[in-house]
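Participant: here's a sequence, model it:
(one chain, ligands or ions: 1)
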Amino acid sequence: MCPAQPPSDEDFMQLALAQAHAAAEAGEVPVGAVVVRDGQVIATGRNHPIGSHDPTAHAEVVALREAARTLGNYRLDGCTLYVTLEPCAMCSGAMLHARLARVVFGATDPKTGAAGSVLDLFAQPRLNHQTEVRGGVLAEACSEMLRDFFKERRGGNPHPLRDDALRTPDDRFKDLPGYPWAPRYLSDLPALQGLRLHHLDEGPADASLTWLCLHGNPAWSYLYRHMIPVFLGAGDRVVAPDLIGFGRSDKPKKDSAHHFLWHRQVLLELVERLDLRRVVLVVQDWGGLLGLTLPMEAPARYAGLLVMNTTLACGDAPLSPGFLAWREMCASRPDFDVARLFARGNPQMSEAECAAYNAPFPDRGHRAALRAFPPMVPELADDEGAAVSRRARDFWREQWAGRSLMAIGQQDPVLGEPVMRALHAGIRGCPPPLLLPQAGHFVQEHGADIARAAVRHFHPAG
Ligand SMILES: [Zn+2]
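Facilitator: Modelled structure (predicted):
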């Protein structure tokens, strides 16, 4: 700017644009603001409702708060606020409360603008304070930044995020201990309807065995990090998806999006899409509730079953008291700390490993699956998933022709040894189970030994 002239509205809008840019860098919708008094910037603000868990954290509100603190006064007499996007009703209301002298904005907002686009709060003759409004300053630069942001998030992205879903930011999964594998994504399975499914797929496509590792609630593929290297070391392929709502997969906003048969369908389609053959199905918890119903649909694809603490819920026998207690806990404390759940049963785990189980869930909005899954276990004969589970029970008892191995974490209060002994009796040709006296529900946390035993068991001799 020229030193001889006072700074113009355009000059201050450039500073607001810099704030908007910083918002975009943080993954927030790029809107920025500055508050100016007597030709001096006294406060800045950028939009960050997601990062701060704060629906009111619009750039204007953030800047107004800072300006008021700076001045030591909740009235901002004589101040001008510059913002890159036409303010919404909330922000316009806040400006009127602040007795702001002037507001200058860049782009108009046809969806929520309250300075003329949708409504005009600044032109209400019955409000006694009047704030002067000027729009359209650097409008093109301001709207271009917004367009670029949304283009990158939608059009430029091979897996655009559905409006009714959330996606955990990538930086939550940076540098997790013992989990070096590259993420892979699919969003075009028919059942996904555009939701992005994350999975690991490591090892050669033509390997002699493919270990299909299915996790349960509230875990994700991280649970298999001790077993995957053993399988890869044997020259095999490993495929480990994150169920929708978990891990790095997309998370529907509504609890009611989750259904037993829908999750099952996603897994069936994944197996077909990746054309998995000579599969050893590796299951635990929901990985088994869903996964044990898969092989009967394509038995030729499956060579083996490695089953850890899980069950088939057929709706014709009572659910275990341990499971009912877990379901009750989830209902009464829906925001329970996932990391602490792992720490409690696994004193051998480091703090960083436990924290990795919280990574997928930055806030309550991302936790719909955690709320939805416990009540989704079929309990009565007509419940969704009960009939297909009964068919699966018949399959394992009467038709299963592959090899099997069972490992039981004996410390598990939820799906522990009694539940597993009952399941064992119904798996055709299953040898006596491996017993792990130290392991709890999340048996895979002791998985390296199990994986080594499984490699010996499932690989043809020689
Ligand atoms: Zn606003």
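
Participant: how about the residues of this structure by the ion?
Facilitator: 58, 88, 91 (C-beta under 5 Å from the ion). The way it works is simple: take the backbone N, C-alpha and C, and place the C-beta from them, glycine included.

Participant: list the contacts for the first one?
Facilitator: Read that as residue 58. Residue 58 makes contacts with 31, 45, 47, 49, 87, 88, 90, 91, as judged by C-beta atoms under 8 Å, 6 or more residues apart in numbering.

Participant: how close does it sit to residue 129?
Facilitator: Using C-beta to C-beta, to the nearest Å, residue 58 is found at 20 Å from residue 129.

Participant: and what of the last one?
Facilitator: Distance, residue 91 to residue 129, using C-beta to C-beta: 15 Å.

Participant: so these two - more neighbours on which side?
Facilitator: Higher neighbour count among residue 91 and residue 129: residue 91, with 29 against 14, using other C-beta atoms under 10 Å.

Participant: where does the stretch 101-250 of the chain have low pLDDT?
Facilitator: Counting by pLDDT under 70, the stretch 101-250 of the chain has low-confidence residues at 154-156.

Participant: so which residues of it form helices?
Facilitator: Counting by DSSP state H, counting those that start in this stretch, one finds helices in the stretch 101-250 of the chain at the ranges 139-153, 228-233.

Participant: which one of those lies nearest to residue 337?
Facilitator: Closest of the helices of the stretch 101-250 of the chain to residue 337 is helix 228-233, at 25.8 Å (criterion: C-beta to C-beta).

Participant: residues contacting the closest one, please?
Facilitator: By C-beta under 8 Å, 6+ apart, the surrounding residues in contact with helix 228-233 are 181, 200, 202-203, 209, 211, 213, 237-238, 240, 448, 451-452, 455.

Participant: among the contacts of residue 58, who's most crowded?
Facilitator: The most crowded member of these, judged by other C-beta under 10 Å, is residue 31 (34 neighbours).

Participant: I'd say that one and residue 20 touch.
Facilitator: Yes. When contacts are counted by C-beta atoms under 8 Å, residue 31 is listed as touching residue 20 (5.5 Å).

Participant: next SSE after the helix ranked longest in the chain?
Facilitator: The residue-count maximum for a helix in the chain (DSSP state H) belongs to helix 9-25. Following helix 9-25 in sequence order, the next helix or strand is strand 32-37 (DSSP states H and E).

Participant: show me the beta-bridge partners of residue 37.
Facilitator: residue 40 (DSSP bridges).

Participant: residues contacting whatever residue of the stretch 301-450 of the chain ends up closest to the ion?
Facilitator: With C-beta to the ion, the shortest gap between the stretch 301-450 of the chain and the ion falls at residue 365, namely 19.6 Å. Counting by C-beta under 8 Å, 6+ apart, residue 365 touches 166, 251, 253.

Participant: on that earlier part again, so of the residues of the chain next to the ion, which ones are in helices?
Facilitator: Using DSSP H, the residues of the chain next to the ion in helices are residue 91.

Participant: okay, the residues of the chain next to the ion in TSV with pLDDT and distance to residue 322 next?
Facilitator: Formatted as TSV, the residues of the chain next to the ion follow (pLDDT from 0 to 100; distance: C-beta to C-beta, whole Å):
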residue	pLDDT	distance to residue 322
58	98	47
88	97	49
91	97	51
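
Participant: closest one of the residues of the chain next to the ion to residue 328?
Facilitator: residue 58 (39.9 Å).

Participant: list the buried residues in stretch 150-160.
Facilitator: The neighbour-count check on stretch 150-160 (16 or more other C-beta atoms under 10 Å) flags residue 159 as buried.

Participant: again with stretch 447-462
Facilitator: The neighbour-count check on stretch 447-462 (16+ other C-beta under 10 Å) flags 447, 450, 451, 454, 455, 458 as buried.

Participant: need the three-state assignment for the nearest residue in space to residue 62 that is not next to it in sequence.
Facilitator: Excluding the flanking residues, the one nearest residue 62 by C-beta to C-beta, 6 or more residues apart in numbering is residue 45, at 3.2 Å. What DSSP: H, G, I helix; E, B strand; the rest coil gives for residue 45 is strand.

Participant: ok, residue 45 - contacts?
Facilitator: 19, 32-35, 58-66.

Participant: okay, the residues you listed in JSON lines with distance to residue 385 next?
Facilitator: Converted to JSON lines, those look like this (distance: C-beta to C-beta, whole Å):
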{"residue": "19", "distance to residue 385": "50"}
{"residue": "32", "distance to residue 385": "49"}
{"residue": "33", "distance to residue 385": "50"}
{"residue": "34", "distance to residue 385": "55"}
{"residue": "35", "distance to residue 385": "56"}
{"residue": "58", "distance to residue 385": "43"}
{"residue": "59", "distance to residue 385": "47"}
{"residue": "60", "distance to residue 385": "49"}
{"residue": "61", "distance to residue 385": "46"}
{"residue": "62", "distance to residue 385": "47"}
{"residue": "63", "distance to residue 385": "51"}
{"residue": "64", "distance to residue 385": "52"}
{"residue": "65", "distance to residue 385": "50"}
{"residue": "66", "distance to residue 385": "52"}
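
Participant: closest to the ion out of the residues you listed?
Facilitator: The ion lies nearest to residue 58 out of the contacts of residue 45, by C-beta to the ion, at 3.4 Å.
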